[in-house]
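> After the sequence you'll find the predicted model.
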Amino acid sequence: MELLIKTFHGLESVLAKELEELGATNIRSLKRAVACEGDKEVLYKANLHLRTALRILVPISTFTAKTEDELYEAIHKFNWSEYMTEKTTFAIDAVAFSELFKHSKYLALKTKDAIVDQFREKTGIRPSVNTDNPDVLINVHVARDSFTISLDSSGESLHRRGYRQPGHQAPLNEVLAAGMLKIAEWNKDIPLFDPMCGTGTILMEAAMIACNIPAGFKRKKFGFMSWADYDKFLWGKIYKDAEEKINYPRTRIVGSDIDLKAIDMAKTSSLDFKLNRQISIMKASFEERELPFRRGMMIFNPPYGERLKKTDIFNFYKKIGSTLKQNYDGWVVWALSSNEEAIYRLGLHTEEKHTLYNGALECEFLKYHMFEGKMKEFKARRPVRRSE
Ligand SMILES: C[S@@+](CC[C@H](N)C(=O)[O-])C[C@H]1O[C@@H](n2cnc3c(N)ncnc32)[C@H](O)[C@@H]1O
């Protein structure tokens, strides 16, 4: 079957690689998505394991429609009994990139009417809509007049790993943090330090990678579990196989932050997932703290400065740059920020640049190699690589 896996802009190639490792075939990178082919086993494994996927769709129908009536007709004549009964609760998620269909809510409404009418005509009973916890989540996607109707096999977005503590203003999305670790090619043998760890998303994702804990390991429910063809035995086997591969190696994953409340959240997350021996977190300011280890990889997202004066944020980035130059010889440093002018104030030579999105904010994810020796010699050795 065809699968369509949604992700964030900039993570398509790391997602494609993850899919390859799972055994998917015919993998194609698209815009904010990757398409591939796979059987039920690949579908279940993808939902459990993929770290850079947001949701996994299974397309069931494609057609063209130029008006709402044509949409209604196409949905109404599709055989929905293959996927649900009149007792199934359902919800519609519609996305429109079209001059002809501008209002996704209206598309969802038309689709719902056509499905409900089909069951009412056949059985006399109307299936119910349940937006909070539907048995079947149907995705409607239109680009110009081309519709793709899919079943959402994930249900709730896959970024919900189950460790997020509520209440912090600017945590990174879990999928984005995992993508950053993958772009940086971090692995458990590399000491990792996030000096502005906030709620600890980068640390948690790293520890889960290090311990082989699948991204969806703590989730109780996936969309496919309510489908008529749900294979409980196959899911049980896939889950058990994954569980047997979990181990807790010695790791050096360290975080610090000046915000005690955020640190408490990070500690609670690591305790909830029994990763408190893998992750060590302390309260400290980056400029003043000692190095956690002599060499390693730093991955962090400093404040972007929305709530600060321009001069203050420029000085802050300048200070980060000078701390790195003075103390972090030989380290590989990756920073994510949306503030291009502030990044410039780091005063470091960029070795690699990737465009990623943190919510709606366009960010740069930049790699620096803290050199030993003269800058000129270092620059000559390493040209800048751009992802796009
Ligand atoms: C954008 S948030 C990081 C969010 C984090 N990645 C997460 O997932 O929750 C930036 C963090 O930098 C911290 N911070 C700001 N100035 C700092 C400093 N001088 N030293 C250490 N941490 C600092 C803030 O307290 C905040 O938690």
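All right, it came through fine.

> now Gly347, nearest residue through space, not along the chain?
In space, and not counting its chain neighbours, Gly347 is closest to Gly321: 4.5 Å by C-beta to C-beta, 6 or more residues apart in numbering. Every residue, glycine included, has its C-beta placed from N, CA and C.

> and if you look at Gly223?
Gly155 (3.5 Å).

> Hmm, that neighbour is touching Trp227, no?
No - if you go by C-beta atoms under 8 Å, Gly155 and Trp227 don't touch, sitting 10.5 Å apart.

> picking up where we left off before, part of a strand, is the residue nearest to Gly223?
No - per DSSP: H, G, I helix; E, B strand; the rest coil, Gly155 lies outside any strand segment and is coil.

> Look at Gly155 and Trp227 and report which has more neighbours.
Between Gly155 and Trp227, counting by other C-beta atoms under 10 Å, Gly155 is the more crowded of the two (22 against 18).

> From Ala33, how far off is Leu346?
Leu346 is 33 Å from Ala33, where distance means C-beta to C-beta, to the nearest Å.

> Compare those two (neighbour count), which wins?
Each of Leu346 and Ala33 has its neighbours counted (other C-beta under 10 Å); Leu346 has more, 22 against 18.

> residue ranges with poor pLDDT in the stretch 201-350 of the chain?
In the predicted model of the stretch 201-350 of the chain, residues 308 satisfy pLDDT under 70.

> All the helices of it, residue numbers only.
For the stretch 201-350 of the chain, the helices defined by DSSP state H, counting those that start in this stretch occupy 201-210, 232-244, 260-272, 310-327, 340-344.

> which of those sits most buried?
helix 201-210 (a mean of 26; mean count of other C-beta atoms under 10 Å).

> before we move on, which element is whichever residue of the chain sits closest to the ligand in?
Distance from the ligand to each residue of the chain (C-beta to the nearest ligand atom) is smallest for Gly198, at 2.7 Å. Assessed by DSSP states H and E, Gly198 sits outside every helix and strand.

> Wait, it touches Lys261, no?
No - applying C-beta under 8 Å as the test, Gly198 and Lys261 come out as separate, 9.8 Å apart.

> shared neighbours, these two?
His168 (C-beta atoms under 8 Å, 6 or more residues apart in numbering).

> Which residue is the nearest non-sequential neighbour of Ala242?
Ala242 sits nearest to Pro214 (C-beta to C-beta, 6+ apart), 4.9 Å away.

> Check whether the one you found really touches Glu244, as I assumed.
No - counting by C-beta under 8 Å, Pro214 stays clear of Glu244, with 11.6 Å between them.

> Domain ranges for the chain, per the record?
Domain segmentation of the chain under automatic domain parsing yields 2-152, 174-212+223-386.

> So for the first one, mean pLDDT?
This predicted structure assigns domain 2-152 an average pLDDT of 96.
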